[in-house]
Each structure stands twice: as C-alpha cells, then as structure tokens.
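A.B. asks: everything below, folded, please.
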Amino acid sequence: MEGLNLFESNILLWIQENLRTDAFDVLMPCVSAVNNAGILSIVTVLVLMALAKYRRVGITAFFSLAGEAVIVNLILKNCTARIRPYVVNDALLLLGHIPGDFSFPSGHTGSAFAVATVLFLYGKDTKTIPKKYAVLAVAAAALIALSRLYNAAHYPTDVLVGVLIGMFTGILAYKIVSGYKIGE
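C.D. replies: Numbering: from 1, shown residues only. Now for the predicted structure:
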C-alpha cells in the first residue's frame, strides 16, 4: 500500500504544481463544500421526492444514496482506514476544510455519482427527467470528483472507487425500483 500511496501522491503533487491557479484555489474548495456530508445529494433527493412528477426518481435516488452511504461510510472507510494524502505527504497542501474521516473511498464523489447515475438513467431510459438535468447532475458529480483531487483531499483511487460505488448503487436502485414498480 505504501508504494501505491507514493505513486498517487506524485499524481496529486503534479496537479498541485501544474494545474493550481488562484481562481481555481478559491473555486474548487467551494465545489467540494456543496457536497460536504452529501448535502447537495440529500437536497436533490428531497426535492425530487417532494415533487409528485419526480417522486419515483427521488425514491430511486434515495435508495441509491442510502446504499452508497452504507458501503462507503459505514463499511469501506472503517475497514480500510486509509490516511488522507496530505497527512502522508506534507508537500501536499490541502484546500478547503479538514476532513474528519478516512480517505478511501471518496464519500463526496460516491454520493454525487449515486444520485447523478439515477438521474442519468431516468433521463436516458424513461425520459422521466429532462436530459438537461441528467447532464447537469453528471457534470456536477464529475466536477465534485475532480475537486477532491485538486484539493488534495483524496488519492485518485479513492475518487475512482467513489465513482464506481455511486454508479453501482445508482444502477442497482434503478433496476430494483423499476423491477418492482416502486413509487408508481
């Protein structure tokens, strides 16, 4: 694991040395902050559930987000206990708030992709959600994922696994809700 941490720290150092700008140093912590504790994802789910037209989408997104939270925050973070990159490599400068949990996998990324995947599937398959909202959700999730790297809050594999878990729970929730006609 030490070799992987070193390799990934070097990627984050490259980002820090080559991609950071004054403007992005202000913007990227804000991008991350909108989904602190999954707040953007939770608010999105609540809004969808509150609107009768999108209630089924909201129910699906709720199941996806709940599954992601269990997998990421209750199981994997505690089982792996991966230390944050800026703690392991003091040349990395953390931007934004200091996280109070472990690094692997990225909860910000996982929760954003858990909801975005559901919106994408409903926008693509059933046209329940306008495509522009689905695209906006996926773009926001991708930007949140990138911000976690830019801010040196996560290793690249933390973010990648967060994406994969969010997509997995989104697809699974979509198949379950669709298969059992929940919310109709």
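A.B. asks: check which helix or strand I98 maps to.
C.D. replies: Using DSSP states H and E, I98 sits in no helix or strand.
A.B. asks: count the neighbours of it for me.
C.D. replies: Around I98 sit 9 other residues, with neighbours defined as other CB atoms under 10 Å. C-betas here are computed from N, CA, C, even on glycine.
A.B. asks: try L76
C.D. replies: L76: 21 surrounding residues under other CB under 10 Å.
A.B. asks: contacts only, for it.
C.D. replies: When the contact criterion is CB atoms under 8 Å, 6 or more residues apart in numbering, the partners of L76 are 104-105, 161, 165.
A.B. asks: show me where pLDDT drops low in this structure?
C.D. replies: In the predicted model, the chain carries pLDDT under 70 at residues 1, 126, 181-184.
A.B. asks: just give the closest residue to the residue nearest the centre of it, not the sequence neighbours.
C.D. replies: The central residue of the chain, meaning the one whose C-alpha is nearest the mean C-alpha position (CA atoms, centre = their mean), is T109 at 1.5 Å. Once flanking residues are discounted, T109 sits nearest to G162: 3.3 Å by CB to CB, 6 or more residues apart in numbering.
A.B. asks: which element is the residue nearest to the centre of the chain on?
C.D. replies: Mapping T109 onto the secondary structure by DSSP H and E places it in helix 107-121.
A.B. asks: and that helix, what does it pack against?
C.D. replies: Contact partners of helix 107-121 among helices and strands, from 3 or more CB pairs under 8 Å, 6 or more residues apart in numbering; DSSP states H and E: helix 39-50, helix 55-69, helix 131-150, helix 156-180.
A.B. asks: so what's the residue count around K127?
C.D. replies: If you count neighbours by other CB under 10 Å, K127 ends up with 10.
A.B. asks: and it, how far is that from L119?
C.D. replies: K127 sits 12 Å away from L119, going by CB to CB, to the nearest Å.
A.B. asks: so I165 makes contact with V70?
C.D. replies: No. In terms of CB atoms under 8 Å, I165 does not count as a neighbour of V70; the distance is 10.2 Å.
A.B. asks: more neighbours: which of the two?
C.D. replies: Neighbours per residue, other CB under 10 Å: of I165 and V70, the larger number sits with I165, 23 against 12.
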